[in-house]
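J.: the amino acid sequence is not available; the structure is as follows:
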């Protein structure tokens, strides 16, 4: 479904991504973890081209995302992205937030878009908040709306960039719940997250990144119980000592 | 004391003069405001194109109009510009109410500079994450700008825009220096005719004050109406 | 272009100092004197006005608010005529145009400046006042030692902006025959008659150089202050990412 082939990215002279190669199969859930600055967010942001790479090839759903004739907006509509800081549109109601893209990008009829939006809100547990505004919602609620907004475009895969890092502890659970149910329904997902419990429960594979390199990949069980690389071992022990 | 200014208003001759002055003031304000808003939006948009020559043009325009007194700008337009125009145009202009036109032009161009800066700071205040989220959903740059950034930016820009509208309104009084018979001009005329300075000054002050306050109230009303809920 | 050079070379004295020494000081020097003295006198008045505006006592707050709204709602030129007419009545003797202009500027600037200062005071984080009161400092002590110094420092760019506005407003002295820069330029224009455009362009250029330089100063001040503010904020601890959330099975 998604493949990275020798991806390289530089910020000036800083080598942010070094020869990263990996694949995500359809229906697979991948958790990307690693210390701050390891390039995890940068990596998933290259998939919908919020970050551009200098060399390498990325294929998404059979499409080379750097093909010259690619309609970028069209392509992005097919990639679901959830931000760390939710980025809901504060001047629009929850329902309008979710309907905005299907109506304006896919050309969906407003009535159809509304019905879909309401169904998605139910799915994330916020059916009652359709007419509320983002400023009136808690962080956890806002992030769930953000997930619904991304799902409204019916993407074949969803990317999550530290979806719970900006949330108060008691709200992390409700968002992870939604993500777990998405995974169970067979959505292809790449999640950058520090939530190791989520990784153990739901991920099919864990990718460990450090200093821009994809250092280790493995199943959650093998990664958490016996990480192979010394850097992964250090990362996990630092995590546990908190 | 309260009857004295009022008695002025009811004396036909002066009432007509005052009314004519008020009408001129409104005409100046409305023409200048419409032109200034349109030009201000255009300037703000040009500024955002990031194309060096266009940006430089807008910056030069804004700096010129912000660093030179309004009065001097009016003089340049009324006294200076006509001498640059060809003879036939000059003759034609002298036959029109050129002082009104030049006053409107000068005031509108000056306000447009301030308005474009207000719009620009409103737009810049919207975090880039809003644009990012819109683009991630597949919206084009224009769609994202129109539906996500601009509505929020306008709400932020509303207070300084209202402020500049009041300023524009007050600047119309400067048109008296080139002979436009607006309210301040009429005030001075009546003062010199009747020597009832207090009365006429009070009338003019009350009129200016009420309209300024009305503009500010309208702005506050707009702000309330379009307030983003939950903030 | 030759016009401009010849006009400047023949009239630069008039533009710079007006009729001086054959008359009172005028021209650009008078413009600067009016602006500096005007703002200097307006400053203490504006601080008092700002404090009055945020006072919890309505009998202080309401008159102050009324004054500010009245000054902001009336065009400056109208204001000048008011002062020009009423000052002699109040003081019982004739007042020169220059003094009239000065008084007008002081009142006008004080009203606008008080709004900037009020914004600066209200923009200071509440924590500052709370910490000061928690230490036992009085309201006045808090105001004079903690709030105002910070608020005024933050408002420096706004005050430079206000100074620029004052310089531009002195041009209105023309309508009451104050011998400042714009008046001098008009005298030159009246003498030459056929060269209004170069004359007024020179006038515009002088104002432009003066105000533009000051606005660049304001910009640099603003950047410096913002930098200091950001530096102060960096001292706050940044919360660690939710590493504490390791949910072990």
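T.: That came through fine. Small disclaimer: the values here were computed from a predicted structure and weren't measured.
J.: spatially central residue for chain C, please.
T.: residue C:162 (2.5 Å; C-alpha atoms, centre = their mean).
J.: would you confirm that it contacts residue C:113?
T.: Yes - in this structure, residue C:162 is within contact of residue C:113 by C-beta atoms under 8 Å, at 5.4 Å. C-betas here are computed from N, CA, C, even on glycine.
J.: overlap in contacts of those two?
T.: Common contacts of residue C:162 and residue C:113, defined by C-beta atoms under 8 Å, 6 or more residues apart in numbering or on different chains, comprise residue C:39.
J.: which parts of chain A are strands?
T.: Assigned by DSSP state E, chain A shows strands spanning A:2-11, A:14-24, A:29-33, A:55-60, A:63-64, A:79-82, A:157-161, A:188-192, A:205-210, A:213-218.
J.: quick one: strands adjacent to the last one?
T.: It refers to strand A:213-218. The strands beside strand A:213-218 in its sheet (DSSP bridges) come out as strand A:205-210 (antiparallel).
J.: before we move on, what about the shortest one?
T.: For strand A:63-64, the paired strands and their directions (DSSP bridges) are strand A:55-60 (antiparallel).
J.: what's the angle between the partner strand and strand A:157-161?
T.: 120 degrees (axes from the mean of the first three to the mean of the last three C-alpha atoms, to 10 degrees).
J.: got the contact list for strand A:55-60?
T.: With C-beta under 8 Å, 6+ apart, strand A:55-60 has contacts from A:1-8, A:19-21, A:46-47, A:64-66, A:75, A:78-79, A:157.
J.: between strand A:157-161 and the longest helix seen in chain A, find me the angle.
T.: For chain A, the longest helix by residue count, based on DSSP state H, is helix A:169-184. Helix A:169-184 and strand A:157-161 are oriented at 160 degrees to each other (the same axes, to 10 degrees).
J.: spit out the contact partners of the residue most central in space within chain B.
T.: Centroid-nearest residue in chain B, with C-alpha atoms, centre = their mean: residue B:168, separated by 3.2 Å. By C-beta under 8 Å, 6+ apart, residue B:168 lies in contact with B:29, B:32, B:33, B:36, B:107, B:111.
J.: and for residue C:153?
T.: residue C:225.
J.: gap between it and residue C:128?
T.: Per C-beta to C-beta, to the nearest Å, residue C:153 is found 13 Å from residue C:128.
J.: with residue C:203 instead?
T.: Distance from residue C:203 to residue C:128, by C-beta to C-beta: 45 Å.
J.: buried subset of the contacts of strand A:55-60?
T.: A:1, A:2, A:4, A:7, A:20, A:46, A:47, A:65, A:75, A:78, A:79, A:157 (16 or more other C-beta atoms under 10 Å in any protein chain shown).
J.: out of those residues, which one sits closest to residue B:65?
T.: Residue B:65 has its nearest neighbour among the buried ones among the contacts of strand A:55-60 in residue A:75, at 43.8 Å by C-beta to C-beta.
J.: how many neighbours does the closest residue to residue C:27 other than its chain neighbours have?
T.: With C-beta to C-beta, 6 or more residues apart in numbering or on different chains as the criterion, residue C:27 has its nearest non-adjacent residue at 4.1 Å, and that residue is residue C:18. Residue C:18 sits with 24 neighbouring residues when counted by other C-beta atoms under 10 Å in any protein chain shown.
J.: nearest residue to residue B:219 in space, ignoring adjacent ones along the chain?
T.: Closest residue to residue B:219 apart from its sequence neighbours, by C-beta to C-beta, 6+ apart: residue B:162 at 3.1 Å.
J.: same check, this time on residue C:146
T.: Computed as C-beta to C-beta, 6+ apart, the closest residue to residue C:146 that is not its neighbour in sequence is residue C:132, at 4.6 Å.
J.: so what's the one you found up against?
T.: Shown in contact with residue C:132 (C-beta under 8 Å, 6+ apart): C:141, C:142, C:145, C:146, C:147.
J.: now swap in residue A:219 and tell me
T.: Each residue near residue A:219 by C-beta under 8 Å, 6+ apart is listed here: A:204, A:205, A:206.
J.: how far away is the residue lying closest to residue A:81 once chain neighbours are set aside from residue A:79?
T.: Spatial nearest neighbour of residue A:81, excluding adjacent residues (C-beta to C-beta, 6+ apart): residue B:136 at 4.3 Å. Counting by C-beta to C-beta, the separation of residue B:136 from residue A:79 is 8 Å.
J.: what residues are shared contacts of the two?
T.: residue A:48.
J.: before we move on, back to that, out of the contacts of residue C:132, who has the most neighbours?
T.: Per-residue neighbour counts (other C-beta under 10 Å) across those peak at residue C:147, which has 20 neighbours.
J.: what about it, distance to residue C:140?
T.: Distance of residue C:147 to residue C:140, given as C-beta to C-beta: 10 Å.
J.: many thanks, we can stop here.
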